[in-house]
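Enquirer: with the sequence up front, the predicted model follows.
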Amino acid sequence: MEKEKGSRDDPMLRRRLPDSICQLTEGKACRREKTVLRGSELLIFDDCVLKITPCSREDEESVQVMRWLEGKLPVPKVLACEKKEETQYLLMSRIPGRKAWDDPCLAHPAELLAVLAEAVKALWRVDISDCPRTRDADTLLLKAKYNVENNLADVHNVEPATYGRGEFESPQALLNWLYDNKPGFEPVLSHGDFCLSNILTEDGKLSGIIDLGETGVGDRWRDLALLVRSLKHNFDGRDDGKADPDMLFDALGIEPDRKKLRFYALLDELF
Ligand SMILES: Nc1ncnc2c1ncn2[C@@H]1O[C@H](COP(=O)(O)OP(=O)(O)OP(=O)(O)O)[C@@H](O)[C@H]1O
Ligand SMILES: [Mg+2]
């Protein structure tokens, strides 16, 4: 992530902000961050965060899910949400703590994994009976099919083994395999982008879960697959601890289902 020091009082930025957001952040100092992959811009204030993203068809549903989650999980509270000129401005409360991928967290894998297990269990405890969004394998496969048919599946930003070494010759071949190997559904609340950068920790405890744009009822192995992949990437090359992503399953007290983990890791390659 690129970081840029800045302030809300930057006149260019002030002109862009919708009036209600401008009023709610009046006079507050902030730090500015840009996310390279997704093209969002973040203004981080002491007590709130403004996330600025290009509008998408799913924005309203995402905000609805965030509101539905208030009081059920430690997630940001929606303070205001406005659209202006094809851009969404989402002002939310700021979750305290540091990202789980920060060095001090990675240097203590056992503590980190306890926090991650706490986050997973918090998601699984949520009663999903009236959750306003579903992200089951069928829904995701339809989206993946759309991406493949419209050449939107990024073949470069994937795990090296996905399209190399005879695994899958193309996104279409991968999609066919996914349709043929769809596992049974184990519904829970699924975050949808459950990587270390979206889990915040403070004083050795989970302080919150952010970035809920893909959250909905989904399969329990989807988040686990993405979390294991994120752990692999972040533990790789570190020599300051005995870190193994499989420690996650010990922390959760469950046996890994390798087939389902593989299915959901591969499905994510088409997004
Ligand atoms: N409510 C919040 N409380 C605290 N920090 C936040 C909050 N929302 C966003 N952030 C900070 O901004 C960063 C990016 O926000 P977010 O994860 O929502 O966007 P993103 O586009 O997915 O970025 P990334 O690709 O880094 O995950 C977070 O990693 C976190 O540092
Ligand atoms: Mg994020």
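Expert: That came in fine, so what should we check first? Ligands and ions are numbered 1, 2, ... in the order given.
Enquirer: helices of the protein, residue ranges please.
Expert: Taking DSSP state H, the helices of the chain run over residues 11-16, 19-24, 59-69, 103-106, 109-125, 137-149, 160-163, 171-180, 220-235, 247-252, 258-268.
Enquirer: so which of those helices is the most packed in?
Expert: Stretch with highest mean neighbour count among these: helix 220-235 (a mean of 21; mean count of other Cβ atoms under 10 Å). Heads up, the C-betas are built off the backbone N, CA and C, glycines and all.
Enquirer: returning to that earlier point: as JSON lines, the helices of the chain with distance to ligand 1 and mean pLDDT would be great.
Expert: Shown next, in JSON lines, are the helices of the chain (distance: least, Cβ to the nearest ligand atom, whole Å; pLDDT from 0 to 100):
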{"stretch": "helix 11-16", "distance to ligand 1": "16", "mean pLDDT": "73"}
{"stretch": "helix 19-24", "distance to ligand 1": "14", "mean pLDDT": "93"}
{"stretch": "helix 59-69", "distance to ligand 1": "10", "mean pLDDT": "96"}
{"stretch": "helix 103-106", "distance to ligand 1": "13", "mean pLDDT": "82"}
{"stretch": "helix 109-125", "distance to ligand 1": "14", "mean pLDDT": "96"}
{"stretch": "helix 137-149", "distance to ligand 1": "17", "mean pLDDT": "97"}
{"stretch": "helix 160-163", "distance to ligand 1": "20", "mean pLDDT": "89"}
{"stretch": "helix 171-180", "distance to ligand 1": "22", "mean pLDDT": "97"}
{"stretch": "helix 220-235", "distance to ligand 1": "10", "mean pLDDT": "95"}
{"stretch": "helix 247-252", "distance to ligand 1": "19", "mean pLDDT": "95"}
{"stretch": "helix 258-268", "distance to ligand 1": "14", "mean pLDDT": "97"}
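Enquirer: so which of those comes closest to His191?
Expert: Closest approach to His191 among the helices of the chain (Cβ to Cβ): helix 220-235, 5.3 Å.
Enquirer: quick revisit: in JSON lines, list the helices of the chain along with distance to ligand 2.
Expert: Output for the helices of the chain, formatted as JSON lines (distance: least, Cβ to the ion, whole Å):
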{"stretch": "helix 11-16", "distance to ligand 2": "21"}
{"stretch": "helix 19-24", "distance to ligand 2": "20"}
{"stretch": "helix 59-69", "distance to ligand 2": "13"}
{"stretch": "helix 103-106", "distance to ligand 2": "16"}
{"stretch": "helix 109-125", "distance to ligand 2": "14"}
{"stretch": "helix 137-149", "distance to ligand 2": "18"}
{"stretch": "helix 160-163", "distance to ligand 2": "22"}
{"stretch": "helix 171-180", "distance to ligand 2": "24"}
{"stretch": "helix 220-235", "distance to ligand 2": "11"}
{"stretch": "helix 247-252", "distance to ligand 2": "19"}
{"stretch": "helix 258-268", "distance to ligand 2": "14"}
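Enquirer: okay if I get those as a markdown table plus distance to Glu86?
Expert: Compiled in a markdown table, these are given as follows (distance: least, Cβ to Cβ, whole Å):
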| stretch | distance to Glu86 |
| --- | --- |
| helix 11-16 | 12 |
| helix 19-24 | 16 |
| helix 59-69 | 11 |
| helix 103-106 | 36 |
| helix 109-125 | 32 |
| helix 137-149 | 21 |
| helix 160-163 | 33 |
| helix 171-180 | 28 |
| helix 220-235 | 29 |
| helix 247-252 | 39 |
| helix 258-268 | 27 |
